[in-house]
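**Q** Give me the fold of what follows.
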Amino acid sequence: MDLGDELTPLPARHQPELLAPVRVRPVTLAGALVAVAVVAAILVITSGGRRPIRTKIEPVGAPTAGWYGGAGPSASDEPAPPGWRQGAPGPLRSRGGHVMSWTGGELLVWGGDPDGDGAAYEPAGDRWRRIPAAPFPARVDALSTWTGFEALVWGGYQGAEPAGTGAAYDPIGDRWRMLPAAPLGAGVPVSGVWTGKEWILLEGLTAAAYSPRADRWQPIAPIPYPLTRAVGLWTGLEAIVIGADTSDSGPGVLKAAAYDPATDRWRALPTPPLAPFGTTAVWTGREVVAWDFELHAARLEPYARAWRRLPDLPLHFSDCLPRGVFAGDVVFAEHCGQAALYRPSTGTWTPLAHPRGLSAQPVWTGRDVLFWIGRFAGSADGTWLLRPPGARPRGPVPPQRG
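**A** I've put the predicted structure just below:
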């Protein structure tokens, strides 16, 4: 789930934060073959006849060859494309299921496999620092957000069990604190949205909001339908959530809803014309721009009666989950080690030169698109930065007390 929002662009410290990419848990060879068969079936069912589905199936969200230092080239085996530069690799090993939060001056990385420790990267000085251990064991697939003075972490898995607790990390004091119990279900929340005052989390039909200032949770109105693999966006007035509706049998249908904190009410949004289990979205300040793993795209103004289709992304199809971020004045889309820019002013996508083998969730720092992939055998890749052409830079915003 990607979160980038505004009616006017929010300051970096109020940008809703990034959720960890969907992670495929280790399975046996037999289990992997079954999973590939299931993915293939879902792709056939959900294609909706829009485009023939390719028969080549790769692990969902998997990096390209060499990304983990195996056979094949890594991103650093070739000269950096124009506009790209490498940063310090840092102390953390490559992993999946981690969370990242941009504080306005540092990128915080915590949790995930294999070891779950954490560190912070400062692009201005190109340096890393370790952060202290959290008050509980490392989580996988947790949710995270930045409040302006703390990084909040909630949920995820500890081993195979859902973890219904959370904590907050203060980078100024370099310390963690536990969060109070939340009125959520026993599962793992599927989406979170930072409103500038509260953190809204969804789990099934249940929804709750956490206020850091009051240090308490409160239940809010239930969402109209349960969603999975959802992405949440803050528009400045409403929280918009887009995900697969699993309330009916079958592969699911992509649904969208908007929540108004002022009235504690949800409203249904038009059904997005995109794939239910592989869609991401960003908020540009005027509209939602969404795209799916089949490279189809659409946009929606919050009170429009229907989505408007956009041109397909000018990239090669590969079975990866899409990732992206709103970077100043452009939408940056990353797909299986490829990249494209969408310019709202023209309504068009443009392919962008991209380091070979680089595939990760992008983060917008206010000046650069930042990728972190960690240390792994056989490569010095760890951190990449891009100054997108046409993006409007903004200076770093240091952590602030609320």
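**Q** residues in contact with residue 221?
**A** 207, 259, 264-266 (CB atoms under 8 Å, 6 or more residues apart in numbering). In short, each C-beta sits where N, CA and C put it, glycine included.
**Q** Show me which pair in these is furthest apart.
**A** Between any two of those, the greatest separation by CB to CB is 11.6 Å, found for 207 and 265.
**Q** just to revisit the earlier point, are any of the contacts of residue 221 buried, and which?
**A** Neighbour-count burial (16 or more other CB atoms under 10 Å) applied to the contacts of residue 221 gives 207, 259, 266.
**Q** could you dump those residues to a markdown table with pLDDT, secondary structure and distance to residue 272?
**A** Converted to a markdown table, the buried ones among the contacts of residue 221 look like this (pLDDT from 0 to 100; DSSP: H, G, I helix; E, B strand; the rest coil; distance: CB to CB, whole Å):
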| residue | pLDDT | secondary structure | distance to residue 272 |
| --- | --- | --- | --- |
| 207 | 96 | strand | 20 |
| 259 | 98 | strand | 17 |
| 266 | 98 | strand | 16 |
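**Q** neighbours around residue 218, how many?
**A** Neighbour count of residue 218, defined by other CB atoms under 10 Å: 13.
**Q** so what's it up against?
**A** Counting by CB under 8 Å, 6+ apart, residue 218 makes contact with 183, 208-209, 211.
**Q** Assign it to helix, strand or coil.
**A** Look at residue 218: counting by DSSP: H, G, I helix; E, B strand; the rest coil, its state is strand.
**Q** Touching, residue 387 and residue 365? I think so.
**A** No - the pair residue 387 / residue 365 is not scored as a contact, 10.2 Å apart, by CB atoms under 8 Å.
**Q** Return the residues in contact with the closest residue to residue 295 other than its chain neighbours.
**A** Spatially, and ignoring its direct neighbours in sequence, residue 295 is nearest to residue 313 (4.2 Å; CB to CB, 6 or more residues apart in numbering). By CB under 8 Å, 6+ apart, residue 313 lies in contact with 291, 295, 297, 333, 335, 340, 349.
**Q** how close does residue 313 sit to residue 289?
**A** Here the criterion is CB to CB, to the nearest Å. By it, residue 313 lies 11 Å from residue 289.
**Q** And residue 252, by the same measure?
**A** When residue 252 is compared with residue 289 (using CB to CB), they lie 22 Å apart.
**Q** Same check on residue 102?
**A** On the measure of CB to CB, residue 102 and residue 289 end up 20 Å apart.
**Q** can you check residue 189 too?
**A** Remark: distance between residue 189 and residue 289 (CB to CB) = 24 Å.
**Q** Quick check: residue 129 is in a strand.
**A** Yes - under three-state DSSP, residue 129 falls within a strand.
**Q** Look up the residues forming beta bridges with it.
**A** Counting by DSSP bridges, residue 129 is bridged to residue 120.
**Q** What of residue 375?
**A** residue 93.
**Q** and it, what is it in contact with?
**A** Residue 375 touches 89-94, 382, counting by CB under 8 Å, 6+ apart.
**Q** Is it possible to mark the buried ones in the residues you listed?
**A** Counted by 16+ other CB under 10 Å, the contacts of residue 375 give 89-90, 92, 94, 382 as buried.
**Q** In TSV, list those along with pLDDT and distance to residue 243.
**A** Shown next, in TSV, are the buried ones among the contacts of residue 375 (pLDDT from 0 to 100; distance: CB to CB, whole Å):
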residue	pLDDT	distance to residue 243
89	89	34
90	91	32
92	91	29
94	89	27
382	86	31
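**Q** just to revisit the earlier point, make TSV out of the contacts of residue 375 and add distance to residue 118.
**A** Formatted as TSV, these follow (distance: CB to CB, whole Å):
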residue	distance to residue 118
89	16
90	11
91	10
92	8
93	12
94	14
382	15
